[in-house]
Every structure is written in C-alpha cells, then in structure tokens.
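Student: Sequence unavailable; structure follows:
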C-alpha cells in the first residue's frame with residue numbers, strides 16, 4: 001500500500017494544535033508507517049510546500065501576506081484539507097485584533113505604545129510580512145474539506161479524524177467528542 005503524502009501547516013496561531021498532535025505519543029509510530037510527512041513545522045526543515053499532498057492539517061488563521069500566499073499554495077497542491085483547531089475554523093484569538101480597525105492601530109499599540117526601550121514599527125520588507133486588514137478563518141479564503149474544532153483538538157479527536165483518512169474514508173464529524181469548540 002502506498003503511503004499517504006501528509007502535511008501540516010502552522011499559520012496565525014499558538015502551535016497548540018501541533019503540540020496536541022504530538023500528544024498522539026506511541027500512535028505516531030503507527031502513523032509513520034502509513035504516511036510520508038512531506039511538510040510540517042514539527043521535525044521538518046522543508047521550506048517549500050510540495051505538489052501532490054494527499055492530506056493537510058492547517059492550524060491557525062490567515063493574518064498576514066505570508067499566511068495568504070501559503071494557504072493559496074496549500075489549497076492548490078492538496079487533495080484533502082482539514083481546518084485544524086479553532087483558530088483555523090473561526091480565526092479565534094488571532095482575530096481579536098479585528099476589533100481594532102485596520103493594521104495601523106494594531107501595529108502602533110503593539111510596537112510603539114507597548115514598546116520597551118526602542119519603540120519602532122517593524123518595516124523590513126521581505127522579513128516582516130505585511131498584516132492583512134483582518135484575520136480570517138481558513139474557509140473564508142479557500143475551500144476546506146473538513147473542520148476539526150478544538151483549542152486545541154485533543155489527541156484522541158485528532159486520531160479519530162486521521163484513522164478514516166488513512167483508509168481513504170471521510171471521518172464522521174458528529175457528537176460532542178468530535179465537534180466541541182474550546
């Protein structure tokens with residue numbers, strides 16, 4: 001049996017979903033026998049998102065130009081995309097900045113008003129990605145094939161979602177254990 005080409009992506013979020021993924025513990029050994037991890041911020045130094053990815057779990061909202069560029073590439077190159085965790089599903093905590101209208105007030109508050117010894121705005125083109133006007137959940141920008149809520153989703157929920165995907169089946173997303181937010 002061919003291994004599934006598997007990826008995970010981390011956008012605007014805290015990486016808690018990836019930490020929960022690592023809580024799969026020994027099951028990760030079983031998973032490694034069934035997937036080739038072709039892109040992930042966990043244990044990988046791959047810089048470019050590859051072609052022909054079978055399944056990708058995307059953590060985080062879309063907050064800046066780099067997030068937007070990556071998510072468009074991910075959707076184009078991925079067969080089955082999972083919005084992974086509450087930040088990807090709803091934009092959650094990263095979207096709190098949406099209450100402050102526009103990027104300028106956000107940057108001024110963070111870097112000037114709350115700056116320590118040398119308050120200055122980050123203006124390094126190519127190094128500091130430009131913020132988008134709003135943080136958006138993944139499905140507002142691209143088509144999502146499945147939503148896996150949770151902040152973060154538990155390891156058991158992640159495993160219950162992954163096991164059917166490994167068999168080429170779509171997970172059944174119903175009941176509190178699979179759908180509860182937070």
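Tutor: Perfect, thanks for sending it. Fair warning: this is a prediction, and the values are worked out from it, not measured in the lab.

Student: who's the residue positioned nearest the centre of the chain bridged to?
Tutor: Centroid check for the chain by Cα atoms, centre = their mean gives residue 59 as the closest residue, at 1.6 Å. Beta-bridge partners recorded for residue 59 (DSSP bridges): residue 10, residue 84.

Student: pLDDT wise, what is it at?
Tutor: We have a pLDDT of 98 for residue 59.

Student: try residue 1
Tutor: Residue 1 is given a pLDDT of 61.

Student: Residue 23 now?
Tutor: 96.

Student: right, and the residue nearest to the centre of the chain touches residue 89 too?
Tutor: No - look at residue 59 against residue 89 with Cβ atoms under 8 Å: they stay out of range, at 10.2 Å. C-beta: built from backbone N, CA, C; applies to glycine.

Student: quick one: the residue of the chain positioned farthest from its centre and residue 91, what's the gap?
Tutor: Here the chain reaches farthest from its C-alpha mean at residue 117, the gap being 33.0 Å by Cα atoms, centre = their mean. Residue 117 sits at a distance of 32 Å from residue 91 (criterion: Cβ to Cβ, to the nearest Å).

Student: So for stretch 148-167, what gets flagged as buried?
Tutor: By 16 or more other Cβ atoms under 10 Å, the buried positions in stretch 148-167 come out as 148-153, 155, 157-162, 165-166.

Student: and the two most separated of those?
Tutor: 151 and 166 (24.7 Å; Cβ to Cβ).

Student: Tell me the spatial nearest neighbour of residue 75, not counting adjacent residues.
Tutor: residue 142 (4.0 Å; Cβ to Cβ, 6 or more residues apart in numbering).

Student: quick one: average pLDDT of stretch 162-173?
Tutor: The model assigns stretch 162-173 a mean pLDDT of 92.

Student: Could you do stretch 124-133 as well?
Tutor: pLDDT averaged over stretch 124-133 gives 82.

Student: What residues of it count as buried?
Tutor: Of the residues in stretch 124-133, those with enough neighbours to count as buried (16+ other Cβ under 10 Å) are 129, 131-132.
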